[in-house]
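Participant: Make a model of this:
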Amino acid sequence: MIFCDDMGYADIGPFGAKRYKTPNLDRMASEGMVFTSFCVARSVCSPSRAALMTGCYPVRVGVPGNFGPSSKTGLHPEEMTIAEVVKQKKYAAGMYGKWHLGHRPKFQPTSQGFDDWFGLPYSNDMWPYHPETGTRFRFPDLPLIENGKVLNPKVLPKDQVHLTTWYNDRAVKFIEKNRDRPFLLYLPHAMPHVPLFVRKESEGRSGAGLYGDVIGEIDTGVGRILDTLRRLELDRNTLVIFTSDNGPWLLYGDHAGSAGPLREGKATPFEGGFRVPCVMWWPGRIPAGSRCAELASTIDILPTVAHLGGMPLPKRKIDGKNIWPLMSGEPGAKTPHEAFFYYSGSKLSGVRSGRWKLLFPQGFVQQKPPGKGGQPGTRARGEIPLSLFDLEKDVGEKDNVAAANPEIVKRLERLAEAMRKKLGDTGRGGSEIRPVGR
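Facilitator: Sure thing, here's the model as predicted:
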């Protein structure tokens, strides 16, 4: 699982990137399947990662918002992560990159099913060098950790230029080491989350500025991993998933990505925040050069992996579904979700069923980029009325058709009310919410 940070829907070639090239991801797409309606379960970091790890909406597992350096909590150790699911079949499990589900020892990856971890405990901007330090943020030094041991208590710009390469190096070594046994490799890159860094050798290669150079390094790593699998003759036995934790952080202008035809970006309930690029690759099992427009989500990865590996699902209730029929190109396969729910913190922001998406009245932060240099732009409050969108005709969510479709609005409101009883809403508890780890 290759999991980027803040990569926009249109940031790679298979999804329309034009300013720079992503040859390895292009090849991965030509040999695999592109999912054009693949969503995360929350459009910010920690909740999105909690969903990937547990197969649950993040509010179910007590992670409605981000953890940070001062957090005393994390993903509850009693939650069964995807690493713990595969360990039931004696898989090796390695992780190289950003965790962001609690930095204290009992919440770290090696306490949550992973055998090996090298990376950052939270976002690479949670440090004194953040572009906005002095105005909004007060962070301590950012540590680089290996299996619970702090290797470098102060990650500086000179260290961050190597992060993507270090993670890719570790990933390749992990595959080589475990070539003769089943394994799970989780590669959550720090990039292209701001602040952006690349090695000196990569500077200017994309011809599209620093952001393009960063995507180029990520693309090179994808090529290294796929080439390693081919070289070791593991390609026909290995599923590879490439996606992102949420949409682009548009506030940072030319240091941010693009949502393409989608509205808004990170931290909003619009498709630009929730819908992310996704490519899946498994030669001989996933049809080459195929596309899937059915709704799927990161919450579906855990149950799908469990299905493929013959592993028992967690005993606690999860929200994800097995999407192997979609991945394998089964004729007529449809999304297994009658409804998909959009959360902003603990607030139920919206619900989608089929082509229809209903957003409830709420405020959101519009991000207006400055244009150059990666300095933050301005924030403005926007208001969303009760809005119904036909995503098949209007993926940009421009035309509110609620007034013309009252019965569809009522149906989606009923689905939302049933979910509120289970997972609550702002100011309202739910019967199925589980506690955060303390």
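Participant: Residue 334 is in contact with residue 293, isn't it?
Facilitator: No - using Cβ atoms under 8 Å as the test, residue 334 is too far from residue 293 to be in contact (10.6 Å). The way it works is simple: take the backbone N, C-alpha and C, and place the C-beta from them, glycine included.
Participant: With only the CA atoms kept, save the lowest-mean-pLDDT helix or strand in the chain in PDB.
Facilitator: Counting by mean pLDDT, DSSP states H and E, the chain has its least confident helix or strand at helix 157-160, which shows a mean of 91. Extracted C-alpha coordinates of helix 157-160, given in PDB (Å, rounded to 0.1, in the frame of the first residue of the first chain):
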ATOM      1  CA  PRO A 157      15.400  20.500   6.100                       C
ATOM      2  CA  LYS A 158      18.600  18.600   5.200                       C
ATOM      3  CA  ASP A 159      17.000  15.400   6.500                       C
ATOM      4  CA  GLN A 160      13.700  15.900   4.800                       C
END
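Participant: what sits up against the helix or strand that it is followed by?
Facilitator: Proceeding N to C from helix 157-160, the next assigned helix or strand is helix 163-177, under DSSP states H and E. Contacts with helix 163-177, where a contact means Cβ atoms under 8 Å, 6 or more residues apart in numbering, come from 92, 94, 96-97, 116, 118-120, 124, 183, 185, 187, 189-191, 197-199, 214, 217-218, 220-221, 224-225, 228-229, 232, 234.
Participant: same check, this time on stretch 398-415
Facilitator: 263, 338-339, 351-353, 356, 358, 385-390, 393.
Participant: so which of those residues comes closest to residue 88?
Facilitator: residue 338 (28.8 Å; Cβ to Cβ).
Participant: wouldn't the closest one be in contact with residue 353 here?
Facilitator: Yes - the criterion here is Cβ under 8 Å, and residue 338 meets it with residue 353 at 6.3 Å.
Participant: returning to that earlier point: pull out the buried members of the contacts of helix 163-177.
Facilitator: 92, 94, 96-97, 116, 118-120, 124, 183, 185, 187, 189-191, 197-198, 214, 217-218, 220-221, 224-225, 228-229, 234 (16 or more other Cβ atoms under 10 Å).
Participant: And the buried ones among the contacts of stretch 398-415, selectable in ChimeraX?
Facilitator: Command for ChimeraX that selects the buried part of those, burial taken from 16+ other Cβ under 10 Å:
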select :263,339,351,352,353,356,358,387,388,389,390
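Participant: Of the contacts of stretch 398-415, just say which sits nearest to residue 12.
Facilitator: After measuring these against residue 12 - Cβ to Cβ - the closest member comes out as residue 263, at 19.4 Å.
Participant: ok, now how distant is residue 266 from residue 277?
Facilitator: Taking Cβ to Cβ, to the nearest Å as the criterion, residue 266 is separated from residue 277 by 14 Å.
Participant: meant to ask about residue 37, not that
Facilitator: For residue 37, the distance to residue 277 - Cβ to Cβ - is 11 Å.
Participant: May I see the buried residues of stretch 203-212?
Facilitator: So, applying 16+ other Cβ under 10 Å, buried residues of stretch 203-212: 206, 208-212.
Participant: The stretch 1-150 of the chain: helices as residue ranges?
Facilitator: 23-30, 45-54, 82-87 (DSSP state H, counting those that start in this stretch).
Participant: now those in a markdown table, with mean pLDDT?
Facilitator: Output for the helices of the stretch 1-150 of the chain, formatted as a markdown table (pLDDT from 0 to 100):
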| stretch | mean pLDDT |
| --- | --- |
| helix 23-30 | 98 |
| helix 45-54 | 98 |
| helix 82-87 | 98 |
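Participant: As CSV, those helices with mean neighbour count would be great.
Facilitator: Shown next, in CSV, are the helices of the stretch 1-150 of the chain (neighbours: other Cβ atoms under 10 Å):
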stretch, mean neighbour count
helix 23-30, 20
helix 45-54, 28
helix 82-87, 22
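Participant: Tabulate those (a markdown table), appending distance to residue 378.
Facilitator: Putting the helices of the stretch 1-150 of the chain into a markdown table (distance: least, Cβ to Cβ, whole Å) gives the following:
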| stretch | distance to residue 378 |
| --- | --- |
| helix 23-30 | 32 |
| helix 45-54 | 22 |
| helix 82-87 | 39 |
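Participant: Out of those, flag the one nearest residue 156.
Facilitator: Residue 156 sits nearest to helix 45-54 of all those, at 21.7 Å, using Cβ to Cβ.
Participant: Much appreciated, bye for now.
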